[in-house]
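1. The sequence isn't on hand, but the structure is:
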């Protein structure tokens, strides 16, 4: 093929899971990558933990899935419960083929695995402590100006991908600091990582509690028993007030109604959640993906999963351009498809997931169609499989959109 179509370099801003997976995929395809990150090391916060079938697909083709499975675990299923622990509905993983089964591993451990694989690639460079302050582009190149300890530096590439999170400087530079259409939930969320012995209560690996006041999630996230406990709180409280109320909240919804001497909190992070989508995921040679492109609440794991699917789709588009199988109009299709997947699936499904928890549990038992489907799945393996693989609908195969190009020799 002619080198007129080949991509000489891609810059990725952000060394989170999306940025690192994209770098790994591109580098394995022979495309040089430079990663710019404002921090001085990988993020060590556990954050997201569950990787469902669409994310598994991307982790597999990046070549990291086996290592993720070795360090993580495959959860047995999920239950929705009343405040007293009574099960309302649930789904077991038995009907899902092994290659598609969800894997659980805290995000900070996933980042270490991906970084180890990237370190084996000769064509990936990481610049730490590189904060983007300005961007620029013309018809041939995209550029970022970054601030480092020794002053400002300019880096250029064929394409620059913003994977720099919810507060993305790339998105802000493209559209303005406050231009991120969507909404912020009124509800306050508190996420904690906790050691608490759940074995006497037979609650299983993942549990959602449906209650108007004490809605919450209790999920095992490590093989040593570490739990992610996320719950709703009164909006407007200070961090100090949230910390003071935490023992009361745990006592209200955890099985065994424990006092603080029965568990150990590793960390606690109050935060607000959002449902937002950038005006466009492409502006010329600048592209957006994952949290830089869109946000959703954490109940159901669609944020990280959606972000990894973005990355897989973007890789296919850039690979197609690099190999002369597509022109750069495929990046307009990337924007169209990923925005549509967010608007038609990710936003409504994730919104339904959190609203489900606020219901009166008796009403939910009678009226919630999703819970009714879960109950059918309990006795029908095929329904269970279809239900759990339903999120595959957020995927898209851009290789079917490649076209043959006449390439001069």
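-> Thanks, I have the structure now. Quantities reported herein were computed from a predicted structural model and do not represent experimental measurements.

2. From now on I want contacts and neighbour counts done on CA atoms only, so please keep to that.
-> OK.

3. In which helix or strand does the residue most central in space within the chain reside?
-> Here the mean C-alpha position of the chain is nearest to the C-alpha of residue 304 (Cα atoms, centre = their mean), at a distance of 0.7 Å. Using DSSP states H and E, residue 304 maps to helix 302-322.

4. For the stretch 1-150 of the chain, just list every one of the strands.
-> 10-13, 33-36, 50-51, 77-81, 87-92, 103-104, 124-127, 131-137, 142-148 (DSSP state E, counting those that start in this stretch).

5. Using CSV, lay out these together with distance to residue 292.
-> Listed next are those as CSV, based on distance: least, Cα to Cα, whole Å:
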stretch, distance to residue 292
strand 10-13, 10
strand 33-36, 14
strand 50-51, 19
strand 77-81, 29
strand 87-92, 32
strand 103-104, 23
strand 124-127, 19
strand 131-137, 14
strand 142-148, 16
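
6. give me the low-pLDDT residue ranges for the stretch 301-409 of the chain?
-> Flagging of the stretch 301-409 of the chain using pLDDT under 70 yields the residue ranges 404-409.

7. Which parts of it are helices?
-> 302-322, 330-341, 347-357, 361-367, 369-377, 381-388 (DSSP state H, counting those that start in this stretch).

8. Which one of those helices lies nearest to residue 402?
-> Taking Cα to Cα, helix 302-322 is the member of the helices of the stretch 301-409 of the chain nearest to residue 402, at 6.6 Å.

9. Name the residues of the closest one that come out as buried.
-> With burial defined by 16 or more other Cα atoms under 10 Å, the residues of helix 302-322 counted as buried are 302-322.

10. hmm, who's touching it?
-> Outside helix 302-322, the residues that touch it by Cα atoms under 8 Å, 6 or more residues apart in numbering are 5-7, 17-19, 21-22, 25-26, 29, 31, 48, 51-52, 54-55, 58, 289-291, 295-297, 326-328, 330-331, 334, 338, 346, 350, 394-399, 402.

11. Pull out the buried residues from those residues.
-> With burial judged by 16+ other Cα under 10 Å, the buried subset of the contacts of helix 302-322 is 5-7, 17-19, 21-22, 25-26, 31, 48, 51-52, 54-55, 58, 289-291, 295-297, 326-328, 330-331, 334, 338, 346, 350, 394-396, 398, 402.

12. and the closest residue to residue 277 other than its chain neighbours, what is it in contact with?
-> Excluding the flanking residues, the one nearest residue 277 by Cα to Cα, 6 or more residues apart in numbering is residue 294, at 4.3 Å. Going by Cα under 8 Å, 6+ apart, residue 294 touches 166, 275-278, 342.

13. Same question for residue 364.
-> Listed by Cα under 8 Å, 6+ apart, the contact set of residue 364 reads 356, 371.

14. could you redo the last one with a cut-off of 7 Å?
-> Applying Cα atoms under 7 Å, 6 or more residues apart in numbering to residue 364 gives no contacts.

15. Quick check: pLDDT value at residue 271.
-> If you check residue 271, the pLDDT there is 89.

16. Look up how far residue 209 lies from it.
-> Separation of residue 271 from residue 209 (Cα to Cα, to the nearest Å): 19 Å.

17. One more: residue 202?
-> As for residue 202, its distance to residue 209 is 15 Å (criterion: Cα to Cα).

18. And the two? Which one has more around it.
-> More crowded of residue 202 and residue 209, by other Cα atoms under 10 Å: residue 209, with 27 against 9.
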